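Visitor: Below: sequence and its predicted model.
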Amino acid sequence: MSAYIFSHYDVVVPQASATTMKARCKHCLSMISGGVQTNSNFITHLRRKHKQVFHTQVLPQLRRTAPLITKKPSTLQYQVVPPQPAQPTDILIKLIAGDLLPISIVESSHFHKFVSSLDPLYQLPTKEQINTKLLPEMATSTQTLIRYHLQLAHSVCLSVSVVSHETGTLIGITAHFVKDWMLCSLLLSYTRFECVCTADTLKQETEQVITCYELAQKVVNISVYNSLNTPPPYELSLPGFSTQGSDNCIILRLDSLETDSKPLLGISYDFLPGGSPCFVHALHIVMRESLSKLSEGLKNSIQRVSQYVQSIEQDFNKQQNESASVKWISQLETIRNLLNLSEDNFEVTHFSKRDKDNLLELCEILYPIEHAIKLLQKHPKTSAGFIIPVTRGIKHKLDQITAVYTGDLLPTVKLLVEERLSRYEQDETYITASILDPRFKLRWSNQDEQFRIKLSFMDKVSLLLPYNTYPPDENTSPSTKPKDIEDDLFSFMATSSSHDMPLPTLAAETEVINYLAQNCLDIDTEPLQYWKTHQPAFPLLAELAHSYLAIPTSSSHDPAVLKNLINLDLTSFTSESFQMLMLVKFNLNFGVSQN
């Protein structure tokens with residue numbers, strides 16, 4: 001017996017004949033008889049009884065040590081087919097999960113013919129094998145990889161999406177964290193509930209996920225996207241504006257997310273630790289409620305625009321409609337294009353002066369919210385620092401036109417902005433995120449509140465390193481005038497980024513002073529890259545940036561994905577298979593989707 005084959009056997013027992021022997025298999029403890037000069041019986045036993053060991057360990061070794069055959073044997077009776085690799089089956093499961101195909105596709109005769117045309121030797125797994133073995137194994141493997149990445153994460157922010165579906169309610173929970181100074185996202189759970197979703201259900205589901213992944217000490221913020229009571233934001237349309245030719249808005253169940261019979265309309269999620277409404281969704285709610293309160297005169301003017309647009313080819317607006325992902329934004333762009341026509345061309349539209357004044361007022365008042373949503377769409381990566389500056393920018397823009405428009409729309413919008421967005425200005429989490437964003441720092445704050453905000457921020461940083469001290473770096477103050485932020489939404493901000501602060505006594509205070517003394521970055525700069533470069537200079541602030549700059553401002557799913565989920569026929573999936581498929585689908589790329 002060769003030394004390699006002998007490594008799989010022990011307790012060699014010589015027989016009476018010098019040409020025979022017995023050995024005990026290490027894998028199953030069976031006694032195998034064989035010749036002293038030949039190994040065929042021992043090899044055959046491994047090949048028949050221990051296929052995985054044979055194909056992964058023995059066969060490669062035999063191929064390396066086999067003599068080179070220069071002539072094809074003429075008595076070859078059959079061809080040994082190597083074992084079927086697992087890769088095609090893994091790809092099949094990822095295909096089903098990636099496109100949420102019905103698992104029953106493996107029973108389709110047409111799909112069998114297609115696979116056979118690619119590889120006649122490949123045997124498709126059955127539907128039962130996928131449901132009971134292959135899919136659970138891949139979901140478990142994915143979940144293990146998720147746990148590994150979350151264990152390495154310094155802190156985690158969660159986004160919770162609550163979406164109505166004709167079969168029930170979908171609750172998706174996604175983790176956001178900074179890894180190697182890149183923003184990463186992992187879907188932790190996507191569950192379908194056939195019953196009405198209550199606040200208790202949402203709280204229980206979130207707590208189960210936090211417990212499952214051991215995140216109790218890592219969660220910084222939970223952002224909730226709740227569309228139970230409203231159509232998806234991308235389906236919101238201006239009143240009177242025809243949506244003919246576009247996809248019909250799905251009729252959603254109007255089940256309220258409620259606790260103790262009190263509906264929660266996205267204003268407060270205090271029943272979740274660190275819970276707050278999704279900021280972009282809050283902007284869309286402001287828009288939806290503003291449009292619901294339009295006067296009949298404004299609605300009639302919008303309807304006349306819609307009728308006029310349908311009567312022409314819409315060439316002037318085709319590009320905008322193709323690029324816009326939100327209906328009401330596209331429709332506002334259409335109105336704005338009409339208003340930008342020359343006087344002679346505008347007369348052709350047969351709109352009255354009253355119509356023109358109504359449309360100008362509508363576009364002017366809604367512009368700050370429209371611009372804010374476009375800005376957040378343009379900067380989807382790290383936008384937690386935008387929340388307070390955007391909120392104050394909207395208020396500033398609306399205040400500027402208070403004396404111009406005396407109708408009911410402007411006071412209504414201002415009241416809704418105050419009701420829906422002011423909570424972010426008072427939230428220490430979002431205040432910290434804005435300060436840690438090197439594009440804004442404290443420029444959004446006014447003189448009356450700066451001292452309080454600075455002290456609170458210093459206290460937060462000091463908790464990371466309360467006792468170490470070192471002298472301030474005198475060379476960190478800017479020698480040139482800070483670059484101003486060009487975007488007009490932030491025109492209310494001061495042009496300087498430096499702030500008068502007391503002399504430092506702690507290392508934390510020194511970091512804060514030196515950081516705030518530096519110039520603010522350009523609005524298109526990626527803040528995480530700044531912290532990657534400046535982590536050695538500001539280690540404490542960089543540690544906070546890991547936590548607070550991972551806060552999402554919108555749903556973890558873009559409008560196209562959300563629309564596909566809402567319109568998806570889920571009757572072909574069980575609740576368990578749907579959850580496993582979603583886990584695999586949204587974590588296909590090495591388990592981490594880097595935005």
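Guide: Cool, got the structure.

Visitor: Quick one: list the elements packing against whichever helix or strand residue 95 is part of.
Guide: Assigned by DSSP states H and E, residue 95 belongs to helix 87-98. If you count contacts as 3 or more C-beta pairs under 8 Å, 6 or more residues apart in numbering; DSSP states H and E, helix 87-98 packs onto helix 135-152, helix 575-585. Where C-beta positions appear, they are placed from N, C-alpha and C, glycine not excepted.

Visitor: Residue 282 is nearest to which of those helices?
Guide: When the helices and strands packed on helix 87-98 are compared by C-beta to C-beta, helix 575-585 sits nearest residue 282, at 25.6 Å.

Visitor: chain center to that closest one: distance?
Guide: Computed by C-alpha atoms, centre = their mean, to the nearest Å, the chain-centroid distance of helix 575-585 equals 17 Å.

Visitor: Mind jotting down where the helices sit in the stretch 351-500 of the chain?
Guide: 353-378, 387-400, 409-426, 428-436, 447-462 (DSSP state H, counting those that start in this stretch).

Visitor: Output the contacting helices and strands for the first one.
Guide: Identification of packing neighbours for helix 353-378 by 3+ C-beta pairs under 8 Å, 6+ apart yields helix 279-292, helix 296-311, helix 327-339, helix 387-400, helix 409-426.

Visitor: Quick one: mean pLDDT over the last one.
Guide: Just to be clear, that refers to helix 409-426. Here helix 409-426 scores 93 as its mean pLDDT.

Visitor: how far does that helix sit from the chain's center?
Guide: Taking mean C-alpha positions (C-alpha atoms, centre = their mean), helix 409-426 and its chain are 27 Å apart.

Visitor: Likewise for the third one?
Guide: Centroid separation between helix 327-339 and its chain, computed with C-alpha atoms, centre = their mean, is 29 Å.

Visitor: quick check: angle from that helix to helix 353-378?
Guide: Angle of helix 327-339 versus helix 353-378, following axes from the mean of the first three to the mean of the last three C-alpha atoms, to 10 degrees, is 130 degrees.

Visitor: Buried residues of helix 327-339, list them for me.
Guide: By 16 or more other C-beta atoms under 10 Å, the buried positions in helix 327-339 come out as 327, 328, 329, 330, 331, 332, 333, 334, 335, 336, 338, 339.

Visitor: Tell me where the model's unsure across the stretch 301-450 of the chain.
Guide: 313-325, 342, 344-348, 381 (pLDDT under 70).

Visitor: What separation is there between residue 272 and residue 60?
Guide: The gap separating residue 272 from residue 60 is 54 Å, by C-beta to C-beta, to the nearest Å.

Visitor: These two: who's more crowded?
Guide: Shown here are residue 272 and residue 60; by other C-beta atoms under 10 Å, residue 272 has more neighbours (21 against 11).

Visitor: Let me know whether residue 298 touches residue 362 as I believe.
Guide: Yes. Between residue 298 and residue 362 there is a contact at 5.9 Å, judged by C-beta atoms under 8 Å.

Visitor: Common neighbours of these two, please.
Guide: Common neighbours of residue 298 and residue 362, using C-beta atoms under 8 Å, 6 or more residues apart in numbering, are residue 409.

Visitor: Give me the more crowded residue out of those two.
Guide: residue 362 (25 against 22).

Visitor: relative orientation of the helix holding residue 95 and helix 135-152 in degrees?
Guide: Interaxial angle, helix 87-98 versus helix 135-152 (the same axes, to 10 degrees): 80 degrees.

Visitor: Off-centre distance for helix 87-98?
Guide: 22 Å.

Visitor: Mind listing what's buried along it?
Guide: So for helix 87-98, counting by 16+ other C-beta under 10 Å, buried means 89, 92, 93, 96, 97.

Visitor: from those, which is closest to residue 525?
Guide: Nearest to residue 525 among these is residue 97, at 36.3 Å by C-beta to C-beta.

Visitor: contacting residues for the nearest residue to the closest one once chain neighbours are set aside?
Guide: Distances taken as C-beta to C-beta, 6 or more residues apart in numbering put residue 584 closest to residue 97, at 3.9 Å, once the chain neighbours are dropped. Taking C-beta under 8 Å, 6+ apart as the contact definition, residue 584 lies against 93, 94, 97, 98, 135, 138, 139, 142.
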